[in-house]
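Trainee: I would like to see how this sequence folds:
(one chain, ligands or ions: 1)
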Amino acid sequence: MKYLIGNATVVTVDQERRIITEGAVATENDRIVDIGKTEALKSRYPDFEFIDAGHHIIMPGLVNAHVHLTQALIKGCADDVELMDFLQFRVWKLMGNYSPQEAAISTELCALEMIKSGTTTFAETLLARHYGLDELTRIIIASGMRGILAKSVMDLPSYASRDNIMDPGMIEEGEECLRIAGEWKDKSENAGDGRIQIWLGPRPVGSITEKMLGKVAEMARRKEMGIAIHFCEVREDVNLIRKTYNMEPGEFMEKVGILTGRTLLAHAIWLSQDDMNRIGKNKSTVVHCPASNAKLASGICPVPELLQSGVNVALGTDAGTCDNGYDMFDAMKLAAIMNKARTLSPVAVPAETCVEMATINGAKALGMEKEIGSLEIGKKADLILINCNNARIAPNINPISSIVYSVNGSDVDNVMIDGQWIVRKNIITTMDEEKIIHNARKAIYNILARTSVSNKPGWPVF
Ligand SMILES: [Zn+2]
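Mentor: Numbering: from 1, shown residues only. From the prediction side, this is the model:
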């Protein structure tokens, strides 16, 4: 497996952030072995299979740092409702009634969409036991992706201002969550040639007690696990922490030991300067999920202020219910424009920053920056090819502008992970695309019928 992919614009995101025109990337087995001008590499590697990537951008595979695999199947079932109603009457009701087969169908659908739109690594935050964890792990291994899979941990069926709102099917017991997470980690860590990691996914304050959060922190230290948590997504989260613990959110999370160098704080909208300082000091990552935050009217994450405070900011799509897709190019564009609108400053979040958030910052967030997140000699061969030969992207005079403002996921036509072609000329090699879409179409109507959740448009349907 020796490939020389050339005649492209190579956006490396390396230390110097080099962009190489008429560039090429040479890969051997699972590693990048050289990067440079196409002509030079052609003469250096005459026995490598040459892939002509004319009119393409080659860039690092994208890192989606906040994903819910099991919500891909219910996209379109929870639109235009307030967050609490969204959770109580739609999302938790639907997912609480999932069979393991339905969770598996959703996971396949999600992985398929992520891979085909250029995501090579993801972090899934909340996997409940009833989804069937072994089968979900098997699906991700078979897909060829790199995945962080976090076991949900909770001990209160409540959230923010509403008590006892969780669907019975979603309720789990705290100690049991930790036990399952530990067993899963022992069994599946580094499975799929090192592509799988098992983390802890405590539910947000309101669904978990201080005591249980402390146990999560202790287990994370003891078993060297990362932590992924929803944090200050809505103002009620802040009010709840103040009321219950008489502390500010950052102070509370620091005290219970949740702010670690391998902690992902999803959303992080309602933050004070003190919260940001504590997140930065502890080297935790904020995962900005712009589409979800805008659609659920949660607010806008203060990305420029976080970056100025020394916080690593990564990017995520969140779920099929609140983003209605898993396209990281959408996320980059929204990340670039939402903070411009909030701050009335067109320089608030430049396009280059968005590309960093979707690549190297995501890799840092997951503790994988030595292996992925940029195209550099010796790193894993995780890369994507973007076809720029279309009217939306042409004339493509600035590749960074194209990536953030013009490209969308369907422009990705080749994806390599670990040196393997997972998508080649638009065809996915590891999954049966037609069958997955067919299964999803069938499954959703069964779930809707069982739960009587309505997904009808506001207009009469004939
Ligand atoms: Zn989420």
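
Trainee: got the contact list for Thr125?
Mentor: 66-68, 150, 201, 228-230, 264, 266 (CB atoms under 8 Å, 6 or more residues apart in numbering). From N, CA and C alone the C-beta is placed, and that goes for glycine too.

Trainee: wait, is it part of a strand?
Mentor: Yes. Under DSSP: H, G, I helix; E, B strand; the rest coil, Thr125 sits within a strand.

Trainee: which residue is the nearest non-sequential neighbour of it?
Mentor: For Thr125, ignoring the flanking residues on the chain, the nearest one in space by CB to CB, 6 or more residues apart in numbering is Ala228 at 4.3 Å.

Trainee: how about the one you found, phi and psi?
Mentor: phi -120, psi 130 (degrees, to the nearest 10).

Trainee: re the thing from before, ok, of the contacts of Thr125, which one's closest to Leu448?
Mentor: Here the nearest of those to Leu448, counting by CB to CB, is His68; it sits at 18.4 Å.

Trainee: and stretch 9-23, what's buried?
Mentor: Neighbour-count burial for stretch 9-23, counted by 16 or more other CB atoms under 10 Å, picks out 9-14, 19-20, 23.

Trainee: and stretch 127-141, by the same measure?
Mentor: Neighbour count says stretch 127-141 has 127-133, 136-141 buried, by 16+ other CB under 10 Å.

Trainee: contacts for that stretch?
Mentor: By CB under 8 Å, 6+ apart, stretch 127-141 touches 69-70, 95, 98, 100, 103-104, 107-108, 111, 147, 149-152, 169-170, 172, 176-177, 180, 184, 187-188, 191-192, 195-196, 201.

Trainee: pLDDT of it, averaged?
Mentor: For stretch 127-141, the mean per-residue pLDDT is 98.

Trainee: residue numbering should commence at 888 henceforth.
Mentor: Okay, residue one is now 888; in that scheme the one you just asked about reads as stretch 1014-1028.

Trainee: and that stretch, end to end?
Mentor: Distance across stretch 1014-1028, first residue to last, is 16 Å (CA to CA, to the nearest Å).

Trainee: and the residue nearest the centre of the chain, its phi and psi?
Mentor: Residue closest to the average C-alpha location in the chain (CA atoms, centre = their mean): Asn951, at 2.6 Å. Backbone torsions for Asn951, taken as degrees, to the nearest 10, come to phi -90, psi 110.

Trainee: how near is the closest residue to Gly1056 other than its chain neighbours to Val1291?
Mentor: Leaving out its chain neighbours, the residue that sits closest to Gly1056 by CB to CB, 6+ apart is Gly983, at 2.8 Å. For Gly983, the distance to Val1291 equals 37 Å [CB to CB, to the nearest Å].

Trainee: what about the helices in the stretch 988-1137 of the chain?
Mentor: 1020-1030, 1061-1075, 1078-1081, 1097-1109, 1122-1132, 1136-1143 (DSSP state H, counting those that start in this stretch).

Trainee: tell me which of the buried residues of stretch 896-910 fall in strands.
Mentor: Among the buried residues of stretch 896-910, the members found in strands (DSSP state E) are 896-898, 906-907, 910.

Trainee: longest helix of the protein?
Mentor: As assigned by DSSP state H, the longest helix anywhere in the chain is helix 1320-1338.

Trainee: tell me what that helix is packed against?
Mentor: helix 979-983, helix 987-1003 (3 or more CB pairs under 8 Å, 6 or more residues apart in numbering; DSSP states H and E).

Trainee: next, the angle helix 987-1003 makes with that helix.
Mentor: 140 degrees (axes from the mean of the first three to the mean of the last three CA atoms, to 10 degrees).

Trainee: surely Ser1288 meets Ala1238?
Mentor: Yes. If you go by CB atoms under 8 Å, Ser1288 and Ala1238 touch, sitting 5.7 Å apart.

Trainee: mind listing the strands in the stretch 1138-1287 of the chain by residue range?
Mentor: 1150-1154, 1172-1175, 1199-1202, 1205-1206, 1270-1274 (DSSP state E, counting those that start in this stretch).

Trainee: roughly how far is the last one from the heart of the chain?
Mentor: Put plainly, it is strand 1270-1274. Its chain's average C-alpha position is 18 Å from that of strand 1270-1274, according to CA atoms, centre = their mean, to the nearest Å.

Trainee: kindly report the same for stretch 1099-1113.
Mentor: 22 Å.

Trainee: what does it rub up against?
Mentor: Under the criterion CB under 8 Å, 6+ apart, residues 1035, 1037, 1040-1042, 1061, 1065, 1068-1069, 1072, 1084-1087, 1089, 1092, 1095, 1114, 1143-1145, 1147, 1149-1151, 1253-1254 lie in contact with stretch 1099-1113.

Trainee: alpha carbons of it, as PDB, please.
Mentor: Extracted in PDB, the C-alpha atoms of stretch 1099-1113 (Å, rounded to 0.1, in the frame of the first residue of the first chain):
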ATOM      1  CA  MET A1099     -21.100  10.800  41.100                       C
ATOM      2  CA  LEU A1100     -19.200  13.400  39.200                       C
ATOM      3  CA  GLY A1101     -16.400  12.900  41.800                       C
ATOM      4  CA  LYS A1102     -16.500   9.200  41.000                       C
ATOM      5  CA  VAL A1103     -16.200   9.900  37.300                       C
ATOM      6  CA  ALA A1104     -13.200  12.100  37.900                       C
ATOM      7  CA  GLU A1105     -11.600   9.400  40.100                       C
ATOM      8  CA  MET A1106     -12.200   6.600  37.600                       C
ATOM      9  CA  ALA A1107     -10.900   8.800  34.700                       C
ATOM     10  CA  ARG A1108      -7.600   9.300  36.700                       C
ATOM     11  CA  ARG A1109      -7.300   5.700  37.700                       C
ATOM     12  CA  LYS A1110      -8.100   4.100  34.300                       C
ATOM     13  CA  GLU A1111      -6.600   6.900  32.200                       C
ATOM     14  CA  MET A1112      -9.900   7.700  30.500                       C
ATOM     15  CA  GLY A1113     -11.000  11.000  28.900                       C
END
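
Trainee: could you pull out the buried residues of that stretch?
Mentor: Neighbour counts over stretch 1099-1113 (16+ other CB under 10 Å) mark 1099-1100, 1102-1104, 1106-1107, 1112-1113 as buried.

Trainee: list just the nearest of those residues to Ser930.
Mentor: Looking across the buried residues of stretch 1099-1113 and measuring by CB to CB, the closest to Ser930 is Gly1113, at 43.4 Å.
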